[in-house]
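>>> what follows is a protein structure lacking sequence information:
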């Protein structure tokens with residue numbers, strides 16, 4: 001489970017990037033956070049990963065404070081960024097092997113890696129190809145494969161469908177639903193309202209560092225989510 005409790009971040013220049021934000025993502029749930037660039041979505045993820053320290057509040061991973069016990073907290077979370085950082089001169093399998101060992105799984109076989117790459121929809125001819133030849137969609141699949149191999153209970157995704165073609169985005173959506181069925185707690189920041197409507201159990205809207213709207217699936221399916229989003233974006237935050 002992921003929990004943000006009065007989570008805040010003010011940078012040295014005085015900019016308040018996150019203003020006492022509260023939410024939780026339970027096991028077997030997908031939570032999508034919508035918002036414009038600079039709304040605070042990536043800041044929230046960076047706080048959970050302890051890339052930066054909070055000014056106030058807590059980011060908890062399985063009830064572990066990620067600021068006070070970052071190494072312990074990171075054992076329970078996997079992260080896939082908008083631009084997955086992998087080793088271009090390594091093959092897909094070699095990347096998986098490297099990150100699996102880094103994540104404390106040194107005894108996986110070639111067939112274990114092949115099984116996961118099939119699961120994420122990577123073509124078999126790419127298993128032993130170098131990453132520098134991959135499209136963005138293929139690299140995202142390797143990022144998800146790494147998250148699956150880690151087998152963490154929680155997954156953080158930062159704009160994961162940005163730049164993907166419709167086929168790759170649809171495959172990614174199906175993978176998220178399978179991970180949800182496995183009981184993963186999935187937090188996804190996104191601009192993609194269509195994708196959020198398709199997969200989310202709950203949706204939040206961030207604006208100027210504040211969580212200004214939170215809806216369950218039942219609620220946002222009864223509303224026009226696109227219209228609600230645009231209305232919140234046009235309002236002035238008090």
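The structure has been received and is ready for your questions. Keep in mind that this is a model prediction, so the values were computed, not measured. Numbering: from 1, shown residues only.

>>> so the residue nearest to residue 56 when sequence neighbours are not counted: helix, strand or coil?
Distances taken as CB to CB, 6 or more residues apart in numbering place residue 8 nearest to residue 56, at 4.0 Å, with adjacent residues excluded. Every residue, glycine included, has its C-beta placed from N, CA and C. What DSSP: H, G, I helix; E, B strand; the rest coil gives for residue 8 is strand.

>>> residues in contact with the helix or strand harbouring residue 229?
Element membership of residue 229, judged by DSSP states H and E, is helix 225-234. Contact partners of helix 225-234, identified using CB atoms under 8 Å, 6 or more residues apart in numbering, comprise 34, 36, 193, 196-197, 203, 205, 207, 212-213, 215, 220.

>>> same thing but at 7 Å, please
Contact with helix 225-234 is made by 34, 36, 193, 197, 203, 205, 207, 212-213, as judged by CB atoms under 7 Å, 6 or more residues apart in numbering.

>>> what do you get for stretch 34-47?
Stretch 34-47 is contacted by residues 4, 7, 9, 17-18, 21, 33, 52, 54, 59, 156, 158, 189-190, 193, 196, 203-209, 229, 233 when judged by CB under 7 Å, 6+ apart.

>>> residues in contact with the residue nearest to residue 56?
Taking CB under 7 Å, 6+ apart, one finds 18-20, 54-57 in contact with residue 8.

>>> just the buried ones from these, in ChimeraX syntax?
Here is the ChimeraX command that picks out the buried ones among the contacts of residue 8, judged by 16 or more other CB atoms under 10 Å:
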select :18,19,20,54,55,57
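
>>> okay, and which of the contacts of residue 8 map to strands?
Within those, residues falling in strands by DSSP state E are 18-20, 56-57.

>>> looking at the residues you listed, which is nearest residue 75?
For the ones in strands among the contacts of residue 8, the residue nearest residue 75 by CB to CB is residue 57; the value is 21.9 Å.

>>> that closest one reaches residue 6, doesn't it?
Yes: Residue 57 sits in contact with residue 6 when judged by CB atoms under 7 Å, with a separation of 3.7 Å.
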